[in-house]
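>>> The following comprises the amino acid sequence and a computationally predicted model.
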Amino acid sequence: MKRESRYRQMRMFVFYDLPNTTKMDTKNYTKFHKFLIKNVYYMIQYSIYCKLCINYDEVNKNNNRIDLHKPPKGNVRILIVTEKQYESIKILVGNKSNQEKYMTTRTVVEL
């Protein structure tokens, strides 16, 4: 077993704003949202999801998966930050969610 350094780990943020005016728009929104949840992205704020990746290869793999499952309309953006950069986030109002607390304290072990 090898422990990955917290400083090699990266956070992948997905920001999205999708139309919800037709039934097809709603279906595409729901499908994309379920894809994120199924692939272990957790909600930071509404329409902002995050995933912990152990290295840049995993970031690329997840980037490609999002590209394959992105909805046909709307706005989807990805931001990659290192774990060290993520630790410098300052919360001005509110608290971390339980999911966020769990993902921040989680130790990644590669087998």
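Arrived safely.

>>> What residues of stretch 27-39 count as buried?
Using 16 or more other Cβ atoms under 10 Å as the test for burial, stretch 27-39 gives N28, Y29, F32, H33, F35, L36. Glycine gets a C-beta too; all of them are placed from N, C-alpha and C.

>>> who touches it?
14, 16, 18-20, 49, 51, 62, 65, 69-74, 76 (Cβ atoms under 8 Å, 6 or more residues apart in numbering).

>>> Apply 10 Å and report the result again.
14, 16, 18-20, 22, 41-43, 47, 49-51, 62, 65-66, 68-74, 76 (Cβ atoms under 10 Å, 6 or more residues apart in numbering).

>>> Now restrict the residues you listed to buried residues only.
14, 16, 18, 41-42, 49-51, 62, 66, 70-71, 76.

>>> so where's this structure uncertain?
Within the chain, the stretches with pLDDT under 70 are 1-7, 101-111.

>>> what about 50?
1, 109-111 (pLDDT under 50).

>>> Next one: I80 from L92, what distance?
Applying Cβ to Cβ, to the nearest Å, the value for I80 to L92 is 23 Å.
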